[in-house]
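Engineer: Please find the sequence and the predicted model below.
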Amino acid sequence: MTTTPSAPDHQAAGGEAAEPPRIAVGVLGARGRMGTEVVKAVDAADDLELVAMVDDGDWLFNVADAGAQVVVDFTRPDVVMDNLRFCIDQGIHCVVGTTGFDEQRLATVAQWLEPKPDVGVVIAPNFGIGAVLLMRFAQEAARFFPSTEVVELHHPNKVDAPSGTAVRTARLVAAARRSAGLPPAPDATTDALPGARGADVEGIPVHAVRLTGLVAHQEVLMGAAGETLTLRHDSFDRASFMPGVLLAVREIGRRPGLTVGIESFLGL
Ligand SMILES: NC(=O)C1=CN([C@@H]2O[C@H](COP(=O)(O)OP(=O)(O)OC[C@H]3O[C@@H](n4cnc5c(N)ncnc54)[C@H](OP(=O)(O)O)[C@@H]3O)[C@@H](O)[C@H]2O)C=CC1
Ligand SMILES: O=C(O)C1=N[C@H](C(=O)O)C[C@H](O)C1
């Protein structure tokens, strides 16, 4: 793989304006479902240069040796923290789509960033623009409905449940309900098989479906007297995540510190 991007050169010989230097990008989890798509998207972008592809068993140092300025991580919840620690120590900006980040993990990453004030890390449970908007709409609508439940539906190869997106959606909805002073949602269930009412995320039931043929889908169901509101988002193809990933790759060098979600990159 090629190495460090060329040094800035604003004026080429002969007075013609030179192209701005390309951002050197390394991909972690490069042979996975998302990593494969990211590699294609970075390769196709004129302003980005793919300098390293690392997967399970490869040497993580490759990204530093190759001069990566930004690393994109779509690996696994059990390895992503080690990857982040290494990249932050190396002064490499990180765009992270891997799931599994709770408050404790986020606090740890923020702590690692303290001695590296120029380094940016964005951790986004979902890079799909539609999914980000669904989360925002759910947050806005939550205070008007006594009941809210989340249903996420994914391909059967997904290792974590519920999805990172569903957990974040539920937390945002729960926070909006708390701010509005809503009581717990009505639910008379006293007798249930384990799991029948889903996972409890801050009082919001979250149900996970795994089905051959699906990619990534989510519904937020809200109910009030005599009406329901259903918000639904579907990622039919992993290409749906790429505009958000590329936006984050281009932005993260200007966003030192820890950012959660790409909402602020989208002006939301
Ligand atoms: N934020 C978002 O928008 C999205 C997030 N995701 C999340 O991204 C993550 C990856 O999803 P997906 O691509 O479907 O999963 P895959 O299992 O297809 O890809 C993960 C890849 O990472 C590899 N890997 C494992 N350990 C390491 C390591 N230490 N260093 C480098 N690579 C490693 C895996 O290898 P091996 O198979 O050998 O373990 C695999 O090739 C999940 O957490 C998923 O939830 C997914 C889609 C969108
Ligand atoms: O594993 C997946 O596929 C996805 N993971 C993310 C999540 O857990 O929210 C994002 C999207 O749902 C696809």
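Structural biologist: Nice, I can see it. Residues are numbered from 1 along each chain as shown. Ligands and ions are numbered 1, 2, ... in the order given.

Engineer: three-state assignment of residue 246?
Structural biologist: Following DSSP: H, G, I helix; E, B strand; the rest coil, we place residue 246 in the helix state.

Engineer: Ignoring the adjacent residues along the chain, who's closest to residue 149?
Structural biologist: Of all residues not flanking residue 149 in the chain, residue 205 sits nearest, at 4.6 Å (Cβ to Cβ, 6 or more residues apart in numbering). C-beta here means a position set from N, CA and C on the backbone, and glycine is covered the same way.

Engineer: cool, residue 128 as well?
Structural biologist: Of all residues not flanking residue 128 in the chain, residue 240 sits nearest, at 4.8 Å (Cβ to Cβ, 6+ apart).

Engineer: how much space between that neighbour and residue 215?
Structural biologist: To residue 215, residue 240 is 8 Å away according to Cβ to Cβ, to the nearest Å.

Engineer: Pick out whichever of these two has more residues nearby.
Structural biologist: Between residue 240 and residue 215, counting by other Cβ atoms under 10 Å, residue 240 is the more crowded of the two (20 against 16).

Engineer: Tell me if the more buried one really is in a helix.
Structural biologist: Yes - assessed with three-state DSSP, residue 240 lies in a helix.

Engineer: Use 183 as the first number for this chain going forward.
Structural biologist: Sure, I'll start counting at 183 from here, so that last one is residue 422.

Engineer: now it: how far from residue 361?
Structural biologist: From residue 422 to residue 361 the distance is 31 Å (Cβ to Cβ).

Engineer: and if you look at residue 215?
Structural biologist: Residue 215 is 37 Å from residue 361, by Cβ to Cβ.

Engineer: what residues are up against residue 216?
Structural biologist: Neighbour list for residue 216: 256, 279, 420, 423 [criterion: Cβ atoms under 8 Å, 6 or more residues apart in numbering].

Engineer: Just name the closest of the residues you listed to ligand 1, please.
Structural biologist: Of all the contacts of residue 216, ligand 1 sits closest to residue 279, with 3.2 Å by Cβ to the nearest ligand atom.

Engineer: Tell me the residues of the stretch 283-432 of the chain that contact ligand 1?
Structural biologist: Residues of the stretch 283-432 of the chain lying close to ligand 1 (Cβ under 6 Å from any ligand atom) are 306, 307, 308, 309, 346, 423.

Engineer: Could you identify the most distant pair in those residues?
Structural biologist: 346 and 423 (12.5 Å; Cβ to Cβ).

Engineer: Would you mind telling me which of those two has more residues around it?
Structural biologist: residue 423 (24 against 19).

Engineer: excluding its backbone neighbours, what's nearest the more buried one?
Structural biologist: The nearest residue in space to residue 423 (Cβ to Cβ, 6+ apart) is residue 309, at 4.2 Å.

Engineer: cool, residue 355 as well?
Structural biologist: Distances taken as Cβ to Cβ, 6+ apart place residue 324 nearest to residue 355, at 4.4 Å, with adjacent residues excluded.

Engineer: hang on, the one you found packs against residue 330?
Structural biologist: Yes - judged on Cβ atoms under 8 Å, residue 324 makes contact with residue 330 at a distance of 5.9 Å.

Engineer: Give the residues shared as contacts by those two.
Structural biologist: Residues touching both residue 324 and residue 330 (Cβ under 8 Å, 6+ apart): 355, 359, 404.

Engineer: in this structure, which spans are strands?
Structural biologist: Ranges of strands in the chain, per DSSP state E, are 205-210, 230-236, 252-255, 275-278, 302-305, 329-336, 381-383, 386-392, 398-406, 409-417, 439-442.

Engineer: is it possible to export those strands to TSV including distance to ligand 2?
Structural biologist: Below are those laid out as TSV (distance: least, Cβ to the nearest ligand atom, whole Å):
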stretch	distance to ligand 2
strand 205-210	15
strand 230-236	19
strand 252-255	13
strand 275-278	11
strand 302-305	12
strand 329-336	5
strand 381-383	13
strand 386-392	10
strand 398-406	4
strand 409-417	6
strand 439-442	13
